[in-house]
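Visitor: Show me the folded form of this:
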Amino acid sequence: MGLGGSWDAEPLAAADIDAAEAAIQAALEIGITTFDHADIYRRGKAEAAFGEVLARTSGLRERIVLQTKCGIRQAEGDRPGIYDLRGDSIVRRVEESLARLRTDVIDVLLLHRPDPLADPEDVAKALMSLHEQGLVRRFGVSNMSAAQIAYLQAHLGVPLVANQLEMSLHRRDWCEAGVLVNTAEAASIGFPLGTIEHCRANGISLQAWGPLARGRFTGGQETPTERATAELVAALAEEKGTTPETIVLWWLQRHPASIAPVIGSAKPERIRACRDAAQREPDLTHEEWYRLWITARGAALP
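Guide: Okay, here's the model as predicted:
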């Protein structure tokens, strides 16, 4: 999301392309080869900047997995921002993404947000057409519940392979939902219970957006609980010879659901700080994982 310069209508600048190249190279250096986009990021300029780097870097496209999302339409004129998973709209957005990314195929297409007006048969028809034309290899969703995934899958001829959710040591509702069953606190958790289990049972990869929690535990803290968590994260990082960013990502990766963090930063130094999360198995004991969770939630488990 950070590639492409500003969110306004200013055209893509040469400096934006250079910055994108630096971020991509930093990711490749530490072993990251999957790149996640969305058609709305920087109003299309994130994809365009990435596409320019692909065009000028021989052999890069063959070395990476390219993922993008569609389904959100930003506000335009008098029209507010809306969700749009009409079949024709999906096809049009994919064609635009392919042009911006300077590629002939998208490896994974995610439906960005649920659209209450979407007809699953219409959606499935559009996705299968894209697949049969060789424009998209695989499909997934983002920000969807188990029931929504199952409903769409019932109409689709190929398996959904991914669900991208906000998951981090700060956004823990995906984890809290499973342990607050039969407690008074359960009503305060909005995360749809059973979604993690459904994805695991059906081979749907879980991708975590916002996994670094915008630096809450590795930069600026706003509350006593966040400060206590940051101190624990720093202590574990020192003990294990790694970075605080890695500890925060390891907390997700240590979960048996094989969660794949989607690092949102475009800063090369921030990306490189995640090296051990990309190259090493999560080095957290059962007790250390729980200690991080309990410290971040600021209360004992029920």
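Visitor: okay, now the residue nearest to S265 when sequence neighbours are not counted: neighbour count?
Guide: Leaving aside its sequence neighbours, S265 sits nearest to I271 (CB to CB, 6 or more residues apart in numbering; 5.9 Å). Every C-beta, even on glycine, is put in place using the N, C-alpha and C of the backbone. Around I271 there are 24 other residues, counting by other CB atoms under 10 Å.
Visitor: Give me the phi and psi angles of W209.
Guide: phi -90, psi 150 (degrees, to the nearest 10).
Visitor: count of residues packed around the nearest residue to it once chain neighbours are set aside?
Guide: Leaving aside its sequence neighbours, W209 sits nearest to V262 (CB to CB, 6+ apart; 5.0 Å). By other CB under 10 Å, 20 other residues sit near V262.
Visitor: do A55 as well
Guide: A55, neighbours per other CB under 10 Å, totals 14.
Visitor: Quick check: it touching R102?
Guide: Yes - A55 lies in contact with R102 (CB atoms under 8 Å); the separation is 4.7 Å.
Visitor: Now do stretch 130-144: distance to the chain's middle.
Guide: Relative to its chain's centre, stretch 130-144 lies at 16 Å (CA atoms, centre = their mean, to the nearest Å).
Visitor: which parts of it are buried?
Guide: Across stretch 130-144, burial judged by 16 or more other CB atoms under 10 Å covers L130, H131, L135, V136, R137, R138, F139, G140, V141, S142, N143, M144.
Visitor: residue contacts, the nearest residue to V65 once chain neighbours are set aside?
Guide: For V65, ignoring the flanking residues on the chain, the nearest one in space by CB to CB, 6+ apart is T34 at 4.2 Å. Residues in contact with T34 (CB atoms under 8 Å, 6 or more residues apart in numbering) are I64, V65, Q67, A260.
Visitor: how near is T34 to L252?
Guide: 15 Å (CB to CB, to the nearest Å).
Visitor: same deal with L160?
Guide: If you go by CB to CB, the gap between L160 and L252 works out to 21 Å.
Visitor: Compute the first-to-last residue distance for stretch 82-93.
Guide: 14 Å (CA to CA, to the nearest Å).
Visitor: try stretch 205-213
Guide: 20 Å.
Visitor: tell me the average confidence for it?
Guide: The pLDDT scores in stretch 205-213 average 97.
Visitor: what bridges to the residue nearest to the spatial centre of the chain?
Guide: Centroid-nearest residue in the chain: W209, 3.3 Å away (criterion: CA atoms, centre = their mean). With DSSP bridges as the criterion, W209 is bridged to E166, V262.
Visitor: The residue nearest to S265 and Q25 touch, don't they?
Guide: No - if you go by CB under 8 Å, I271 and Q25 don't touch, sitting 9.4 Å apart.
Visitor: Identify the structural domains in the protein and state their residue ranges.
Guide: Structurally, the chain divides into domains by automatic domain parsing as follows: 1-162, 167-302.
Visitor: Report all helices and strands that the helix or strand hosting R92 contacts.
Guide: Here R92, judged by DSSP states H and E, is contained in helix 87-101. Helix 87-101 sits against helix 45-56, strand 65-70, strand 106-111, helix 120-132, with contacts defined as 3 or more CB pairs under 8 Å, 6 or more residues apart in numbering; DSSP states H and E.
Visitor: quick one: terminal-to-terminal distance for stretch 253-269?
Guide: Across stretch 253-269, first to last residue, CA to CA, it's 21 Å.
Visitor: so how far is that stretch off the chain centroid?
Guide: 8 Å.
Visitor: what ranges do the strands span in this protein?
Guide: 34-36, 65-70, 72-73, 82-83, 106-111, 136-142, 160-166, 205-209, 260-262 (DSSP state E).
Visitor: Please convert these to TSV, extending it with distance to R43.
Guide: Listed next are the strands of the chain as TSV, based on distance: least, CB to CB, whole Å:
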stretch	distance to R43
strand 34-36	17
strand 65-70	14
strand 72-73	11
strand 82-83	15
strand 106-111	18
strand 136-142	19
strand 160-166	20
strand 205-209	19
strand 260-262	20
